[in-house]
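Undergrad: Prediction below, plus the sequence it came from.
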Amino acid sequence: MAFRYPNVATSVLRSVVAEKRSSYKKTIGLSDVQEPILSAPPEVRRIIERVLQAEKDKLYMKAPRNINDDILRIVKEEVQ
């Protein structure tokens with residue numbers, strides 16, 4: 001025996017569960033993604049570049065270890 005839901009419940013569920021598209025419909029280009037890096041001060045830019053390089057160096061590892069320590073070391077070196 002199948003349980004039947006009233007039409008009101010299914011219409012509410014359909015509107016709650018349905019996928020909603022964004023209203024702004026803006027496409028993001030590569031320049032938009034890199035803009036915060038390019039507009040950052042040189043010190044911050046060096047930190048970002050070194051952290052990205054440290055993460056790239058760990059990509060080959062199955063379970064990357066000590067990345068947080070590496071990032072902390074990079075930030076301390078750049079701040080001093």
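TA: Structure's in. What do you need?

Undergrad: Going by C-alpha atoms from here, please, whenever you check contacts or count neighbours.
TA: Noted.

Undergrad: How is residue 48 classified with respect to secondary structure?
TA: With DSSP: H, G, I helix; E, B strand; the rest coil as the basis, residue 48 sits in helix.

Undergrad: For it, which non-adjacent residue is spatially closest?
TA: Excluding the flanking residues, the one nearest residue 48 by C-alpha to C-alpha, 6 or more residues apart in numbering is residue 37, at 7.4 Å.

Undergrad: Show residues contacting the helix or strand where the one you found lies.
TA: Residue 37 is part of helix 30-38 when elements are defined by DSSP states H and E. With contacts defined as C-alpha atoms under 8 Å, 6 or more residues apart in numbering, helix 30-38 is touched by 45, 48.

Undergrad: cool, and stretch 44-64?
TA: With contacts defined as C-alpha under 8 Å, 6+ apart, stretch 44-64 is touched by 37, 38, 65, 67, 70, 71, 74, 75, 78.
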